[in-house]
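Colleague: Coordinates for the following, if possible.
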Amino acid sequence: MGASIASGSYDVDTMIVIPCTVGALASIAGGLCDDLVSRSADVMLKEGRKLILCVRDTPFNRIHLENMLRAQAAGAVIMPVVPSFYDKPKTIDQIVTQYVCRVLAQAGLPQDKMFRWTGSAAGKRSES
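Modeller: Next up is the predicted model:
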């Protein structure tokens, strides 16, 4: 694990694991550090930096849910790969774009293409 991101001295403020398998989630939640992803995620947590886990596997069993709770309690953001439909997407590309924008917004990056709820009952999608 000679990669820079596996060290707390590496200057990075956010890590996104996408997709995050339930196996990777288990390693991260258990602090195993047995590969580069889990070691780097452990560094993010120990340094108090943002770690976003985009868990892909469903349905969740009790072990998966407990691992999500454990990782969240340690400081991770749990963001399952679940599409949103409140913006009334018309294409698969719009569904994917909205999810990716939401993940990147969690990382603190501005997202011009992200649908944002305005409080209107119509919930119209803006075409950017």
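Colleague: use CA for all of it now, contacts and neighbours both
Modeller: OK.
Colleague: Return the residues in contact with the residue nearest to Ala74 when sequence neighbours are not counted.
Modeller: Of all residues not flanking Ala74 in the chain, Leu45 sits nearest, at 6.5 Å (C-alpha to C-alpha, 6 or more residues apart in numbering). The neighbours of Leu45, taking C-alpha atoms under 8 Å, 6 or more residues apart in numbering as the test, are Leu51, Ala74, Gly75, Ala76.
Colleague: And the helices in this structure?
Modeller: Residue ranges of the helices in the chain, as given by DSSP state H, are 22-30, 36-46, 62-73, 92-106.
Colleague: Export only the CA atoms of stretch 62-71, formatted as CSV.
Modeller: Output for stretch 62-71, consisting of C-alpha atoms alone and laid out as CSV, is shown next (Å, rounded to 0.1, in the frame of the first residue of the first chain):
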residue,chain,number,x,y,z
ARG,A,62,-29.0,-6.8,9.1
ILE,A,63,-25.2,-7.1,8.8
HIS,A,64,-25.1,-4.6,6.0
LEU,A,65,-27.3,-2.2,7.9
GLU,A,66,-25.2,-2.6,11.1
ASN,A,67,-22.0,-2.0,9.0
MET,A,68,-23.6,1.2,7.6
LEU,A,69,-24.4,2.4,11.1
ARG,A,70,-20.9,1.6,12.3
ALA,A,71,-19.3,3.4,9.4
